[in-house]
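> Sharing a model that was predicted from the sequence below.
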Amino acid sequence: MTKKAFALRVDDKVLSALQRWADEEFRSVNGQIEYLLHDALRKAGRLPAKKTEDTDQKTE
């Protein structure tokens with residue numbers, strides 16, 4: 001997975017709340033934002049479906 005950096009402007013109160021939440025879940029603020037975005041996209045059905053590899057059922 002390739003990650004790209006971008007600037008994000010956020011209110012001080014929001015950043016403080018994110019920092020506390022991230023600390024509680026042992027994540028960085030960046031990691032918390034990424035987690036929240038991924039979770040929201042998944043719940044909204046906006047992420048592409050994962051490809052499943054059937055490696056456990058090999059026929060010999």
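Looks like it arrived, so ask away. Numbers count the residues shown, from 1 in each chain.
> what separates the residue most central in space within the chain from Phe26, distance-wise?
Residue closest to the average C-alpha location in the chain (CA atoms, centre = their mean): Tyr35, at 2.6 Å. Going from Tyr35 to Phe26 by CB to CB, to the nearest Å gives 11 Å. For the C-beta atoms, the positions are set from N, CA and C on the backbone; glycine is no exception.
> Contacts for stretch 10-26 next, please.
Identification of contacts with stretch 10-26 by CB atoms under 8 Å, 6 or more residues apart in numbering yields Ser28, Val29, Gly31, Gln32, Ile33, Tyr35.
> quick one: Ala49 and Asp11, what's the gap?
Relative to Asp11, and taking CB to CB, Ala49 is found at 35 Å.
> do the same with Ala44
Ala44 sits at a distance of 24 Å from Asp11 (criterion: CB to CB).
> and what of Pro48?
Pro48 sits 32 Å away from Asp11, going by CB to CB.
> what do you get for Arg46?
Using CB to CB, Arg46 is found at 25 Å from Asp11.
> cool, and His38?
22 Å.
> In terms of neighbours, single out the busier of these two.
When His38 and Asp11 are compared for neighbours, His38 comes out ahead with 11 against 8, by other CB atoms under 10 Å.
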